[in-house]
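# Model the structure of this input:
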Amino acid sequence: MAKNTVFLGLLQLLPLLLPPSLRDYLWAAPSDHDMDQQLEVYHPIILQGGFSCSVLEARLTDAYTPSLPHCGALKGKGWFPLWNNTSDVVDHDYMPCFEEQMSLVFDPAINDYRNQPGVETRVANFGSVYGFSYKDESCPFCCNVKIRNELEALGYQDGVTLFGAPYDIRYAPPQPGQCSKVYSDYFARVKDLVQHASEKNANKPVIFRVLPTNMRVEAPMVPTTYLNGVGIQTTKQVVYWDGNFDVSPENVYGNGDGVVNWISVLAFAKELKRQHYSENIFFKFVKIPNATHGDITIQDNSLKIVMAEILEANS
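Numbers count the residues shown, from 1 in each chain. A predicted model of the protein is given here:
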């Protein structure tokens, strides 16, 4: 926690924690912007993607032993997109290969997870807002595409005022006492990216739009706006009657954003507020009616709110 706080404080990181927010600011309809609406002052923005948004590439070396012959078809042929399109994986009967090449194994010798032998992976285009791609053709505006378009319409430019920090989602943030070289390396790269983005823009504070990566509540201890959808039926409990785990459970529903139930959201917001207020640091929590977890930067109404928050941070 001390490491996170020092890092964020030194680099003047200004986060916007998603899902988004309600305000009086009237924003033009998405995609109606023109060049006359560009901002005069730009705080650089770093975007992170959702669970499936990062572009993960793989390379199969001689040490790779495929479980099925066609899984080794790309062996020795350099880097290739490991997951580029969900339908392609299914249509080409590549699912068993995908699972094998995506899976991690725990190595007790290093107390860390690693790829399968002979599988090397990397996240493409770190630093670029184009380092994200949607994997489902039914959702062409997913994975920051729509919000990227809106920011570019305001005058934001990739690599100048707009950046991306894609991550290998297979590696969860480590628990205390556990190692994660991938996560540590990512943290260092994000640190360098924040510093680079700030220095490139006259040392302005950076707007870092992120999703909480674990349930451990570690407040960033910088001015923070936390926004979340509400009003969507969300699983609250899963009940196995009579202790019988061989049958499907009964879901008990409550309020939330369709993924995170409202009780958890309120507990998270309350703890963030407590930590920030203890140090006299700005914190705001806003709930957005009828906004879902996955569509928060896709639906027009909720996207308006996200953009309003970004404009306020630029004021």
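
# ranges for the strands of the stretch 201-315 of the chain?
Along the stretch 201-315 of the chain, counting by DSSP state E, counting those that start in this stretch, strands occupy 206-210, 224-230, 234-239, 250-254, 283-289.

# er, the stretch 51-200 of the chain I mean
Along the stretch 51-200 of the chain, the stretches classed as strands by DSSP E, counting those that start in this stretch are 56-60, 80-81, 104-107, 112-115, 119-123, 162-164.

# So what touches stretch 235-247?
Contact with stretch 235-247 is made by 249-254, 256, 261, 263, as judged by CB atoms under 8 Å, 6 or more residues apart in numbering. (Each C-beta comes from the backbone N, C-alpha and C, glycine too.)

# Among the residues you listed, which one sits closest to residue 276?
residue 263 (20.8 Å; CB to CB).

# List the neighbours of stretch 177-191 that are in contact with it.
Residues outside stretch 177-191 that contact it (CB under 8 Å, 6+ apart) are 7, 11, 46, 110-113, 126, 165, 167-168, 171-174.

# what is the mean pLDDT for it?
Averaging pLDDT along stretch 177-191 yields 90.

# Okay, buried residues for that stretch please.
The neighbour-count check on stretch 177-191 (16 or more other CB atoms under 10 Å) flags 180, 182-183, 186-187, 190-191 as buried.

# Then stretch 141-149?
Within stretch 141-149, the residues scored as buried using 16+ other CB under 10 Å are 141-148.

# Return the member of these nearest to residue 282.
The closest of the buried residues of stretch 141-149, once distances to residue 282 are taken by CB to CB, is residue 147, at 22.9 Å.

# how near is that closest one to residue 48?
From residue 147 across to residue 48, the span is 11 Å (CB to CB, to the nearest Å).

# next one: residue 271
21 Å.

# more neighbours, the two?
Shown here are residue 271 and residue 48; by other CB atoms under 10 Å, residue 48 has more neighbours (19 against 13).

# which residues of the stretch 201-315 of the chain score low on pLDDT?
Applying pLDDT under 70 to the stretch 201-315 of the chain flags the ranges 210-217.

# do that again at 80, thanks
209-220, 313, 315 (pLDDT under 80).

# related to what we said a few turns ago, from the contacts of stretch 177-191, which has minimum pLDDT?
residue 11 (36).

# Out of the contacts of stretch 235-247, which is nearest to residue 315?
Closest to residue 315, out of all of these and judged by CB to CB, is residue 256, at 31.2 Å.

# For the closest one, name its beta-bridge partners.
Here residue 256 shows beta-bridge partners residue 261, assigned using DSSP bridges.

# so it touches residue 230, yeah?
Yes - here residue 256 reaches residue 230: they are 6.9 Å apart, a contact under CB atoms under 8 Å.

# who's more crowded, the two?
A direct count of neighbours by other CB under 10 Å for residue 256 and residue 230 places residue 256 higher, at 23 against 18.

# For that one, list the residues it contacts.
By CB under 8 Å, 6+ apart, the contact list for residue 256 reads 229-230, 232-236, 262, 264-265.

# Quick one, which of these are buried?
Looks like these have 229-230, 232, 234, 262, 265 buried, using 16+ other CB under 10 Å.

# closest to residue 315 among the residues you listed?
The nearest member of these to residue 315, counting by CB to CB, is residue 229 at 24.6 Å.

# What residues does that closest one make contact with?
19-20, 256-258, 287-293, 296, 302.

# circling back to that earlier point, from the contacts of stretch 235-247, which single one is nearest residue 199?
Comparing the contacts of stretch 235-247 against residue 199 with CB to CB places residue 256 closest, at 39.8 Å.

# gap between that closest one and residue 117?
From residue 256 over to residue 117 the distance is 41 Å, taken as CB to CB.

# sorry, back to before: I'd like to know which of the contacts of residue 229 are buried.
Counted by 16+ other CB under 10 Å, those give 19-20, 256-258, 287-288, 291-293, 296, 302 as buried.

# okay if I get these as TSV plus distance to residue 311?
Formatted as TSV, the buried ones among the contacts of residue 229 follow (distance: CB to CB, whole Å):
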residue	distance to residue 311
19	18
20	13
256	28
257	23
258	27
287	20
288	16
291	19
292	23
293	23
296	17
302	15
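
# out of the residues you listed, who's nearest residue 218?
Closest approach to residue 218 among those (CB to CB): residue 19, at 18.7 Å.

# In this protein, what residue spans correspond to helices?
With DSSP state H as the criterion, the chain has helices at 2-10, 86-91, 95-102, 145-153, 181-200, 262-278, 300-314.

# Pull the distance from the fifth one to the chain's centre.
Meaning helix 181-200. Chain-centre distance of helix 181-200: 15 Å, with CA atoms, centre = their mean, to the nearest Å.
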